[in-house]
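Undergrad: Would you be able to build a 3D model of this:
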Amino acid sequence: VQVFDEMRHSSYRVFSVDYNRFIGVLVKDSRFELAEAIYRDMTPMGFSLIPFTYSRFISGLCKVKNFDLIDALMRDMETLGYVPDIWAFNIYLDLLCRERKVGFAVQTFCCMVRRGREPDVVSYTILINGLFRAGKVTDAVEIWNEMIRRGIRPDNRACAALVVGLCHARKVDLSYEMVADEIKSARVKLSTVVYNALISGFCRAGRIEKAEALKSFMSKSGCEPDVVTYNVLLNFYYDNNMLKKAEGVMSEMVKSGI
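TA: Modelled structure (predicted):
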């Protein structure tokens, strides 16, 4: 810091690349206030950050939730015709959703798409999670459908976000319908989180045959039932006085080492 300050006030020329390097170092070291001061100084001199440094700056500021400076940097980038890198974009989206600013997250998402930043499966997953947490079930489903229309293949995390969100909203049939292709085709290795949410949803709806079929299918697809899977079924069997079924599940648990 001292050397850079001496350099700026000496007879030596300081170039835009020097500011970019120095701000990058400050951001890496979490010296955000100094990085902002240096950024404010360089702008009147006609210097600007490159897209990579802007993206690094924005992602760093997400750690300290400095929304005002992030907004200012985003506006400056738009003026220069720059768009944040996909990783900075996703980190910012995730922060907005975690801070319950999901409406602004959707606006930011749409703005970035208009400006040429193609979202990836992580972007969509973050937004789907945020919308479900905000109770915006219809909007979350629409974002999923848009992802599919764009030809972006969902991964396990995307499927889990959709299934858990819909099952929590007691829309288990819709949930199963929307991921049925992924389950049957085995294009994605789904986790127990996905299967357990569906099994729990069908049990809650009184559809035990469907729940049992899914439990059987998950074993065949290489995803072994865990203690949550068995507990969901046991609760249903006990509540409905199906004690023989419950005994069978207990025996299966013991054999599987659970």
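Undergrad: lowest confidence element among the helices and strands of the protein?
TA: When each helix and strand of the chain is scored by mean pLDDT, DSSP states H and E, helix 2-8 comes last, with a mean of 87.
Undergrad: residues in contact with the very next helix or strand once past it?
TA: Toward the C-terminus, helix 2-8 is succeeded by helix 16-28 as the next helix or strand (DSSP states H and E). Contact with helix 16-28 is made by 4, 7, 32, 34-35, 38-39, 42, 47-50, 53, 56-57, 60, as judged by Cβ atoms under 8 Å, 6 or more residues apart in numbering. Any C-beta I mention is one placed from the backbone N, CA and C, and that applies to glycine too.
Undergrad: Try it again at 6 Å.
TA: Residues from elsewhere that reach helix 16-28, judged by Cβ atoms under 6 Å, 6 or more residues apart in numbering: F4, L34, A35, I38, M42, F47, L49, I50, T53, R56, F57, G60.
Undergrad: Secondary structure, distance to N231 and neighbour count added to those residues, as TSV?
TA: Shown next, in TSV, are the contacts of helix 16-28 (DSSP: H, G, I helix; E, B strand; the rest coil; distance: Cβ to Cβ, whole Å; neighbours: other Cβ atoms under 10 Å):
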residue	secondary structure	distance to N231	neighbour count
F4	helix	59	17
L34	helix	53	15
A35	helix	50	24
I38	helix	56	18
M42	helix	59	20
F47	coil	61	16
L49	coil	53	23
I50	coil	53	15
T53	helix	50	21
R56	helix	45	22
F57	helix	47	24
G60	helix	42	23
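Undergrad: hmm, back to that, tell me the buried residues in the least confident helix or strand of the chain?
TA: Across helix 2-8, burial judged by 16 or more other Cβ atoms under 10 Å covers F4, R8.
Undergrad: which helices and strands does it pack with?
TA: Helices and strands in packing contact with helix 2-8 are not found; criterion 3 or more Cβ pairs under 6 Å, 6 or more residues apart in numbering; DSSP states H and E.
Undergrad: May I have that helix exported as CSV, CA atoms only?
TA: Only the C-alpha atoms of helix 2-8 are listed here, as CSV (Å, rounded to 0.1, in the frame of the first residue of the first chain):
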residue,chain,number,x,y,z
GLN,A,2,2.8,2.4,0.9
VAL,A,3,4.8,1.7,-2.2
PHE,A,4,1.7,2.1,-4.5
ASP,A,5,0.9,5.4,-2.7
GLU,A,6,4.4,6.7,-3.2
MET,A,7,4.3,5.6,-6.9
ARG,A,8,1.1,7.5,-7.5
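Undergrad: Off-centre distance for it?
TA: 41 Å (Cα atoms, centre = their mean, to the nearest Å).
Undergrad: before we move on, what about stretch 91-111?
TA: On Cα atoms, centre = their mean, the centre of stretch 91-111 falls 11 Å from that of its chain.
Undergrad: Please report how far the most centrally placed residue in the chain lies from N156.
TA: In the chain, the centroid-proximal residue (Cα atoms, centre = their mean) is I126; its distance is 2.6 Å. In this view, I126 and N156 are 15 Å apart by Cβ to Cβ, to the nearest Å.
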